[in-house]
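>>> The sequence and its predicted three-dimensional model are supplied below.
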Amino acid sequence: MKMDRRIPRSLDEMADLSSLAAPPTVVSRSVTVGGRRTSLRLESTVWDGLKDIAQRESRSIEALCTDIDRGRSAGIPFATSVRVYVLNYFREGAAGCPALAV
């Protein structure tokens with residue numbers, strides 16, 4: 001079995017490769033869920049996705065988080081439920097896009 005040992009052609013390409021190895025940035029924010037304040041730690045990309053969903057749906061992040069909290073199964077951490085919600089939202093959107101169909 002031959003391994004591909006491709007050498008980056010430029011410093012930009014090297015920077016791109018190194019960014020893949022960097023751990024995701026985790027951000028803590030306070031949100032109101034069902035009338036109570038709680039701290040939520042999510043990756044910045046998940047926060048961006050949640051913000052995009054709120055804008056698309058004309059809702060607040062707090063309203064989305066309240067619905068996610070109400071719909072989650074017992075024993076599932078809230079942050080995990082938010083991550084799954086964001087992933088499923090965009091997966092369902094991608095399912096209707098022929099260019100992204102597998």
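Structure received. Worth saying up front: this structure is predicted, and the values here are computed from it rather than measured.

>>> hang on, isn't residue 62 packed against residue 31?
Yes - using Cβ atoms under 8 Å as the test, residue 62 is close enough to residue 31 to be in contact (5.6 Å). C-beta coordinates here come from the backbone N, C-alpha and C atoms, glycine included.

>>> out of the two, which sits in the more crowded spot?
For residue 62 versus residue 31, the count of surrounding residues by other Cβ atoms under 10 Å is larger for residue 31: 19 against 15.

>>> C-terminal to the helix-or-strand element of the chain with minimal mean pLDDT, what's the next element?
The helix or strand with the lowest mean pLDDT-type score in the chain, counting by mean pLDDT, DSSP states H and E, is helix 11-21 (a mean of 57). Remark: after helix 11-21, the chain's next helix or strand is strand 26-33, criterion DSSP states H and E.

>>> So what are the sheet partners of the following helix or strand past that next one and their directions?
Following strand 26-33 in sequence order, the next helix or strand is strand 36-43 (DSSP H and E). For strand 36-43, sheet partners with direction are given as strand 26-33 (antiparallel), following DSSP bridges.

>>> how about the partner strand: buried residues?
Taking 16 or more other Cβ atoms under 10 Å as the neighbour-count basis, strand 26-33 is seen to contain the buried residues 31, 33.

>>> Any chance you could list what contacts that strand?
When contacts are defined by Cβ atoms under 8 Å, 6 or more residues apart in numbering, strand 26-33 is touched by residues 37-44, 47, 61-62, 65-66, 69, 78.

>>> try it again with 6 Å
Contact partners of strand 26-33, identified using Cβ atoms under 6 Å, 6 or more residues apart in numbering, comprise 37, 39-41, 43-44, 47, 62, 65-66, 69.

>>> and the residue nearest the centre of the chain, what helix or strand is that in?
Centrality entry for the chain: nearest residue to the mean C-alpha point is residue 46, 2.5 Å, by Cα atoms, centre = their mean. Assigning secondary structure by DSSP H and E places residue 46 in helix 44-56.
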